[in-house]
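Participant: all I have is the shape, not the residue letters:
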């Protein structure tokens, strides 16, 4: 039976990282937002608790936080004349399911683009010449520069409390950071995370003796 929901100003399909960012910004301005998510809520589930979070077999090998491809899979074709076939191993692209989406198995790294990435074709042509790029190569400039994107990188890092050590603040190289990174306006919102160490249990230590 069809269920008619209350009319909303903004409806976001999929409750992943992007939905969290957009809805947070919109609701702060008093805009009515509804996020639709087909998966469940991970709050209080096994993946939200220790030591279950460290179950490599369950979450990594068996892809316990990834969309179940036996129920709904992605398909792929390289040309409109081909028949789309199921993707059986997605490797780097692992869509999540449930509130938080793929952020639930995210590796926690948010590298900024290099300063030349948005103008990669121009960079390649200026360095190697236009003839060095084959006609069939689709590399293009983005139509936007890193300088225009930088405030949005900074906004993302503030909203999600990203930690790290800046290597280039307004063109000045910073000790301890990556000297090759694109310039940023300010330091990271949070200091670098401490290098963690997982202590072995007593029985594990004994087995290694």
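Facilitator: Here it is on my side, so go on. Because the structure is a prediction, the values reported are computed rather than measured.
Participant: give me the contacts around the top helix by length along the chain.
Facilitator: Secondary structure assigned by DSSP state H gives helix 146-159 as the longest helix of the chain. Helix 146-159 is touched from outside by 21, 24, 110, 112-118, 162, 182-186, 188-189, with contacts defined as CB atoms under 8 Å, 6 or more residues apart in numbering. Just so you know, the C-beta spots here come from the backbone N, C-alpha and C atoms, and that holds for glycine as well.
Participant: now do the buried residues in it.
Facilitator: When burial is assessed from 16 or more other CB atoms under 10 Å, helix 146-159 yields the following buried residues: 146, 149, 150, 153, 154, 157.
Participant: which residue ranges of the protein form strands?
Facilitator: For the chain, the strands defined by DSSP state E cover 10-13, 33-36, 75-76, 85-86, 168-169, 172-173.
Participant: need the ones you listed in a markdown table with distance to residue 128, mean pLDDT and mean neighbour count, can you?
Facilitator: Shown next, in a markdown table, are the strands of the chain (distance: least, CB to CB, whole Å; pLDDT from 0 to 100; neighbours: other CB atoms under 10 Å):
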| stretch | distance to residue 128 | mean pLDDT | mean neighbour count |
| --- | --- | --- | --- |
| strand 10-13 | 42 | 95 | 13 |
| strand 33-36 | 46 | 94 | 15 |
| strand 75-76 | 32 | 89 | 10 |
| strand 85-86 | 37 | 90 | 10 |
| strand 168-169 | 25 | 97 | 16 |
| strand 172-173 | 27 | 97 | 12 |
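Participant: ok, which of those strands comes nearest residue 135?
Facilitator: strand 75-76 (24.9 Å; CB to CB).
Participant: ok now do the closest residue to residue 16 other than its chain neighbours, which residues does it touch?
Facilitator: Nearest non-adjacent residue to residue 16, counting by CB to CB, 6 or more residues apart in numbering: residue 101, 2.7 Å away. Residues near residue 101 by CB under 8 Å, 6+ apart: 14, 15, 16, 17, 19, 37, 39, 95.
Participant: give me the buried subset of these.
Facilitator: 14, 15, 16, 17, 19, 37, 39.
Participant: ok, the residues you listed vs residue 84, which is closest?
Facilitator: residue 14 (21.4 Å).
Participant: ramachandran coordinates for that closest one?
Facilitator: Backbone torsions for residue 14, taken as degrees, to the nearest 10, come to phi 100, psi 120.
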